[in-house]
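Chemist: Compute the structure for the input listed below.
(chains A and B)
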Amino acid sequence: MKIGIIRFPGTNCDRDVFYACKLAEVTPEYIWWNTENLTDYDGIIIPGGFSYGDYLRAGAMASITPVIDAIKQLVKEEKPVLGICNGAQILGEVDLVPGVFITNEIPKFNCEWVDLKVVNTRTPFTKNFEKNQTVKIPIAHAEGRFYCEDIELLKDQDQIVLQFKDKNPNGSIDAITGVCDESGLVCAMMPHPERACEEILGSSDGLNFFKGFLK
Amino acid sequence: MIFDIEVKIFLKEEMLNPEATTIERSLDLLGYKVKNTKTIDIIKFQMDGKDIEKIRESVVDMCERLLCNPVIHNYKISVIPQEYSFNGD
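Modeler: Alright, predicted model coming up:
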């Protein structure tokens, strides 16, 4: 199971994601932003960071790089794609998932452990959880407020993957912090599962997201 | 001919603008009572060309593909032939 980890200038969670993949017993490999063909890969992770310095908007510059066309091709081949934090912002920018992640309601960089509710388990990344299970995973962002124009459509099509539980630290619509495309194979989440893969870190709830690449 | 181009990027009317809210609160701390604060991004550049309509079309394309996110933004474009431009900068 070969998983590509996309690197843009400014990506900074790539090595944590690489380590988490190894813990999950999938084979990670780094991929640079100008790669045009990803057909050898069984899945893709776009890690967090500040690609291209967040210029214009978080994820805007990354959205027009060659590797994005290659990812779109892979999605057509029904391979799973996970975007974490900046990766989630990029997936929103390129319309692979609905909505966008924009400046927090209180516009400060918010770094804390949060409890999340797993809303749907039909994505590869959440299939190892129980529906409505609570998981503990940290967030770290200033631009993570989920916004979309048609929230009812998202509910109807079962595209809400994760919600903040008990509080809404960034003002997202319906406390949503993870969404997927209609198929469920492309998933965008603001929390960092790679930072919660070992008990010594405070939680190992994040590991299941990476194990989700396994059949 | 050289054209001076200015793209103004606004958040849509119904969108929350935390930056503007923070500016308004800070102005209040200084004793200024202001309301309806907005922030707007302005991107300026120049293009060579002959046909102002073709230039405008390509700037619209730039807005749709990169400069703006249509989910949250509206934009206004101005294209001015340099001989008519009054920009001092």
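Chemist: Can you tell me which residues in chain B are near chain A?
Modeler: B:15-16, B:18-19, B:22, B:65-67, B:69, B:71-72 (CB under 8 Å from any CB of the partner chain). Just so you know, the C-beta spots here come from the backbone N, C-alpha and C atoms, and that holds for glycine as well.
Chemist: got these as JSON lines, with secondary structure, pLDDT and neighbour count columns?
Modeler: Formatted as JSON lines, those follow (DSSP: H, G, I helix; E, B strand; the rest coil; pLDDT from 0 to 100; neighbours: other CB atoms under 10 Å in any protein chain shown):
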{"residue": "B:Met15", "secondary structure": "coil", "pLDDT": "91", "neighbour count": "13"}
{"residue": "B:Leu16", "secondary structure": "coil", "pLDDT": "92", "neighbour count": "15"}
{"residue": "B:Pro18", "secondary structure": "helix", "pLDDT": "92", "neighbour count": "19"}
{"residue": "B:Glu19", "secondary structure": "helix", "pLDDT": "91", "neighbour count": "13"}
{"residue": "B:Thr22", "secondary structure": "helix", "pLDDT": "92", "neighbour count": "15"}
{"residue": "B:Arg65", "secondary structure": "helix", "pLDDT": "94", "neighbour count": "10"}
{"residue": "B:Leu66", "secondary structure": "helix", "pLDDT": "96", "neighbour count": "15"}
{"residue": "B:Leu67", "secondary structure": "helix", "pLDDT": "97", "neighbour count": "20"}
{"residue": "B:Asn69", "secondary structure": "coil", "pLDDT": "94", "neighbour count": "21"}
{"residue": "B:Val71", "secondary structure": "coil", "pLDDT": "92", "neighbour count": "17"}
{"residue": "B:Ile72", "secondary structure": "coil", "pLDDT": "94", "neighbour count": "20"}
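Chemist: roughly how far apart are the residue lying farthest from the centre of chain B and A:Val17?
Modeler: Distance to the chain centre peaks in chain B at B:Gly31, reaching 28.8 Å (criterion: CA atoms, centre = their mean). Between B:Gly31 and A:Val17 the distance is 49 Å, computed by CB to CB, to the nearest Å.
Chemist: One more: B:Val7?
Modeler: For B:Val7 relative to A:Val17 (CB to CB), the value is 35 Å.
Chemist: okay, those two: which has more neighbours?
Modeler: Taking other CB atoms under 10 Å in any protein chain shown, B:Val7 and A:Val17 do not tie; A:Val17 has more neighbours (28 against 20).
Chemist: For the more buried one, pull up the helix or strand it's in.
Modeler: helix A:14-23 (DSSP states H and E).
Chemist: ditto for A:Ala140
Modeler: Per DSSP H and E: A:Ala140 is located in strand A:134-141.
Chemist: and that strand, anywhere near chain B?
Modeler: No. Counting by CB under 8 Å from any CB, chain B has no neighbours in strand A:134-141; the shortest distance is 13.3 Å.
Chemist: Please list all residues in contact with the residue of chain A found nearest chain B.
Modeler: In chain A, no residue comes nearer to chain B than A:Pro107, which is 4.0 Å away by CB to the nearest CB. Residues counted as contacts of A:Pro107 (CB atoms under 8 Å, 6 or more residues apart in numbering or on different chains) are A:142, B:18-19, B:22.
Chemist: before we move on, back to that, among the residues of chain B next to chain A, which two are most distant?
Modeler: Across the residues of chain B next to chain A, the longest distance by CB to CB is 30.1 Å; it joins B:Thr22 and B:Arg65.
Chemist: following the regular element (helix or strand) spanning A:Lys155, which helix or strand shows up next?
Modeler: A:Lys155 is located in helix A:151-156, with elements delineated by DSSP H and E. Downstream of helix A:151-156, the first helix or strand assigned by DSSP H and E is strand A:160-164.
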